[in-house]
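Student: I would like to see how this sequence folds:
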Amino acid sequence: MATGVAVGSIAVIRRRYLGAVALLATLGCAAAAQAQQAVRLPSVDGKPPAALAATLFKPPSTRGPLPAVAIFHGCGGVGVNVTRMAQRLAGRGVAALLVDSFGARRIKDACTRHWPTVAQAEDRTRDIDAAVAWLKSQPFVASDRIAVMGYSYGGGVVLMRTLRRALAVRAVIAVYPDCALPDSDAAALAVRQPTLLALAALDDWTPVRQCEAMLARLGEGRDRVEHRTYAGAYHSFDAVGLPVTYLAAAGNRSKPNNCCGAHYGYNAAAYAQFLQDLDAFVDRHLRAER
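Tutor: Alright, predicted model coming up:
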């Protein structure tokens, strides 16, 4: 399929997906509207971008200090799935900071023609430091109960940052992550905090085998990894209402020359099990004070 046709197909699929979940998103936003706040995250090293846009989802009826999670989106940018997760965490008493890594960089298409390079991913790891620093500066946040959570490309960036260099957070969550990113060079990898990997058994975009190769390299702290693989699921198993679809133009680090094609779509059983696993992980590692 020609790239132009494939990109057009992606746009149609996206419109159908957004239409299918629009009511759910609207109701969720209305319920959480008073708890949402647009914030700016300043650079921690003076390098551009000077500041990132983010949205804070703060539990309005829960007294601090609160546990908090910084959330990092995939190649499609801030979307329904990560927004839904931020709202869900806030509803369970956890402050959620949803970071927009693309707006300040003026990135619009990172899933197809501009598939992120390893160097771009390394630059994006700076967003994690900015988000964690901002959360630690907030009086309502328990500074020793912060986690970072990434999806797909964002999950690979989170693992790249936390496995290669120490980061002062309590826990790490990576949802169908691009494990080829932390595994992209010979740098030593170490697990410094409890880490949840949520993988899809049929994923051909960020496949399980890449995460298994990464896990095989882990030295210190391998026992801190909780590894969950959901049977019958493809990439984006949490994309409620989206049927499994093949995206011919998808950039794909698991294929030669990062190209091309992958499946993604909703799997109700996988999503339900993931939420149970996530809730248990959060309860164990973020709610209890040390």
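Student: tally of neighbours for Pro59?
Tutor: By the measure other CB atoms under 10 Å, the count of residues near Pro59 is 20. From N, CA and C alone the C-beta is placed, and that goes for glycine too.
Student: I'd assumed it was in a strand, is it?
Tutor: No - according to DSSP: H, G, I helix; E, B strand; the rest coil, Pro59 belongs to no strand; its state is coil.
Student: touching, it and Ala96? I think so.
Tutor: No - in this structure, Pro59 sits apart from Ala96 without contact. The criterion is CB atoms under 8 Å, and the distance is 9.1 Å.
Student: quickly list what's touching both of those two.
Tutor: Shared contacts of Pro59 and Ala96 (CB atoms under 8 Å, 6 or more residues apart in numbering): Ala90.
Student: immediately after the top strand by length along the chain, which helix or strand?
Tutor: When the chain is parsed with DSSP state E, its longest strand is strand 141-151. On the C-terminal side of strand 141-151, the closest following helix or strand by DSSP states H and E is helix 153-164.
Student: quick one: mean pLDDT for that following helix?
Tutor: For helix 153-164, the per-residue pLDDT values average out at 97.
Student: how about the CA coordinates for it, as PDB?
Tutor: Listed in PDB are the C-alpha atoms of helix 153-164, where the atom choice follows Å, rounded to 0.1, in the frame of the first residue of the first chain:
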ATOM      1  CA  TYR A 153       7.200   4.500  22.400                       C
ATOM      2  CA  GLY A 154       6.800   6.300  25.700                       C
ATOM      3  CA  GLY A 155       7.200   3.000  27.500                       C
ATOM      4  CA  GLY A 156      10.500   2.400  25.700                       C
ATOM      5  CA  VAL A 157      11.700   5.900  26.700                       C
ATOM      6  CA  VAL A 158      10.700   5.300  30.300                       C
ATOM      7  CA  LEU A 159      12.700   2.000  30.300                       C
ATOM      8  CA  MET A 160      15.600   3.700  28.500                       C
ATOM      9  CA  ARG A 161      15.800   6.300  31.200                       C
ATOM     10  CA  THR A 162      15.200   4.100  34.300                       C
ATOM     11  CA  LEU A 163      17.300   1.100  33.300                       C
ATOM     12  CA  ARG A 164      20.300   3.000  32.100                       C
END
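Student: could you give the angle of that helix to strand 141-151?
Tutor: Our comparison of helix 153-164 with strand 141-151, counting by axes from the mean of the first three to the mean of the last three CA atoms, to 10 degrees, yields an angle of 120 degrees.
Student: tell me what the helix or strand that helix 153-164 is followed by is packed against?
Tutor: Scanning forward in sequence from helix 153-164 by DSSP H and E, the next helix or strand is strand 171-175. Here strand 171-175 is seen to pack against strand 141-151, helix 153-164, strand 195-200, helix 268-285 when contacts are counted using 3 or more CB pairs under 8 Å, 6 or more residues apart in numbering; DSSP states H and E.
Student: quick one: strands adjacent to strand 171-175?
Tutor: Each strand that pairs with strand 171-175, with its direction, by DSSP bridges: strand 141-151 (parallel), strand 195-200 (parallel).
Student: between helix 268-285 and it, find me the angle.
Tutor: Interaxial angle, strand 171-175 versus helix 268-285 (the same axes, to 10 degrees): 170 degrees.
Student: and Val191, what element?
Tutor: Using DSSP H and E, Val191 is not contained in any helix or strand.
Student: can I assume Cys211 sits in a helix?
Tutor: Yes - with three-state DSSP as the criterion, Cys211 is assigned to a helix.
Student: hang on, it packs against Ala200?
Tutor: No - shown here, Cys211 and Ala200 do not form a contact pair, counting by CB under 8 Å, at 10.4 Å.
Student: just the helices and strands packed on strand 171-175: most buried one?
Tutor: Among the helices and strands packed on strand 171-175, the stretch with the highest mean neighbour count (mean count of other CB atoms under 10 Å) is helix 153-164, at a mean of 28.
Student: understood, closing this out.
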